[in-house]
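# Dropping a prediction and its sequence here:
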Amino acid sequence: MNKPYAEACDRNRGPILSVIDPLFADCKNVLEIGSGTGQHAVYFATKMPHLVWHISDVKENHADIKAWLYKAELSNIRAPILLDVKQKDWPDITADTVFSANTAHIMHQDGVEAMFSGVGKLLPEQGKFVLYGPFNYHNQYTSDSNARFDMWLKARDQQSGIRNFEDLDNLAKAAGLIIRQDYEMPANNRILYWQKL
């Protein structure tokens, strides 16, 4: 079974792990939204064996994810869950943490809104939501490379694009989440960490 490969996952997994390893130390079950190829899930589940990693994505990505899971043979990763953030009812799983990487700028705005709403409903009190990717602040790009990336995103899909932190934080507040930390990451990315009140 051939595995798909995303080079960006290999580049960013180490820096992401350095942030989420201590952050997830007291966590048990993680739902990953938009698992893509499944590379991140396999790497993080290997490095954090105390976690049960619940992979989710839309149907068309499940074959790629299963190829990675088949090779990894990890006992702490569950089979991929069918999840479109815009669906009315999310899968019935227990998770104290939600992680998502490089999704908010791919989703349309209604998807971003649905993701925050769904996460707020899913998480228990003190649950964590960790979002990785590029973000704007006060509607300003943080780098020329992010500005170019945003132009590329909008050229392929006008409704995608780098999201504004303040807008995301307002969605988080509406979902009962409070910002706890904003981590600077390599290549003009960030990790945003919210917690359920």
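Here it is on my side, so go on.
# how far away is Ser75 from Tyr43?
16 Å (C-beta to C-beta, to the nearest Å). The C-beta positions use only the backbone N, C-alpha and C, and glycine is treated the same way.
# now do Asp182
23 Å.
# Which of the two has more residues huddled nearby?
Tyr43 (18 against 13; other C-beta atoms under 10 Å).
# you'd agree the more buried one is up against Leu17?
Yes: with contact defined as C-beta atoms under 8 Å, Tyr43 counts as touching Leu17 (7.4 Å).
# mind listing what's buried in the helix or strand of the chain with the lowest mean pLDDT?
The helix or strand of the chain with the lowest confidence, counting by mean pLDDT, DSSP states H and E, is helix 62-72 at a mean of 83. For helix 62-72, a neighbour-count test (16 or more other C-beta atoms under 10 Å) marks His62, Asp64, Ile65, Lys66, Ala67, Trp68, Leu69, Ala72 as buried.
# Pick out the most distant pair among those.
Between any two of the buried residues of helix 62-72, the greatest separation by C-beta to C-beta is 15.3 Å, found for His62 and Ala72.
# Which strands or helices does whichever strand or helix holds Val130 pack on?
In the assignment (DSSP states H and E), Val130 maps to strand 128-133. Contact analysis of strand 128-133 by 3 or more C-beta pairs under 8 Å, 6 or more residues apart in numbering; DSSP states H and E lists helix 7-23, strand 97-101, strand 189-196 as its packing neighbours.
# Gln39: which of the buried residues of helix 62-72 is nearest?
Nearest to Gln39 among the buried residues of helix 62-72, with distances taken as C-beta to C-beta, is Trp68, at 6.1 Å.
# Quick check, the closest one in contact with His40.
No: look at Trp68 against His40 with C-beta under 8 Å: they stay out of range, at 9.6 Å.
# Now do the same contact list for the residue nearest to the spatial centre of the chain.
Closest to where the C-alpha atoms of the chain average out (C-alpha atoms, centre = their mean) is Ser100, at 0.6 Å. Listed by C-beta atoms under 8 Å, 6 or more residues apart in numbering, the contact set of Ser100 reads Glu32, Ile33, Gly34, Met115, Val130, Leu131, Tyr132.
# Repeat the analysis, applying 7 Å as the threshold.
Glu32, Ile33, Gly34, Leu131 (C-beta atoms under 7 Å, 6 or more residues apart in numbering).
# Need those residues in JSON lines (columns: neighbour count).
Shown next, in JSON lines, are those (neighbours: other C-beta atoms under 10 Å):
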{"residue": "Glu32", "neighbour count": "29"}
{"residue": "Ile33", "neighbour count": "25"}
{"residue": "Gly34", "neighbour count": "22"}
{"residue": "Leu131", "neighbour count": "25"}
